[in-house]
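Enquirer: pasting the structure only:
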């Protein structure tokens, strides 16, 4: 198993992998466990960009796939149940229509 990056959150080190399962290490209990990725992030893709960080005390995972509908889902980890849930859903087409200056050609 190969890992992209690790994040420490609430005394647990989370390791994001390229597979459908990630690992986390509970520092206090000294145990290593598996954690499945959310179903929205499982499946085939051509290319992807990932964001896996702590923001305002919450662990978030965002994945943008280059061959999918232009949307972005911000997943948040529930620390009690150790399961992912969708926190925000963003339609990037709508964002682009509302904020056209974000997508203007630099030659203009």
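Expert: Sure, I can see it. Everything quoted here is computed from the prediction, not taken from an experiment.
Enquirer: Phi, psi for the closest residue in space to residue 91 that isn't next to it in sequence please.
Expert: Excluding its sequence neighbours, the residue lying closest to residue 91 (CB to CB, 6 or more residues apart in numbering) is residue 71, at 5.3 Å. In this view, the C-beta of every residue, glycine as well, is placed from N, C-alpha and C. Backbone torsions of residue 71, given as degrees, to the nearest 10, read phi -140, psi 160.
Enquirer: Quick one: the strands in this protein, in order.
Expert: Secondary structure of the chain by DSSP state E: the strands cover 3-9, 12-17, 21-26, 31-36, 48-55, 58-65, 71-78, 83-91.
Enquirer: how about the last one: buried residues?
Expert: Just to be clear, that refers to strand 83-91. residue 84 (16 or more other CB atoms under 10 Å).
Enquirer: Where in this structure is the helix or strand with the lowest mean pLDDT?
Expert: helix 92-98 (a mean of 71; mean pLDDT, DSSP states H and E).
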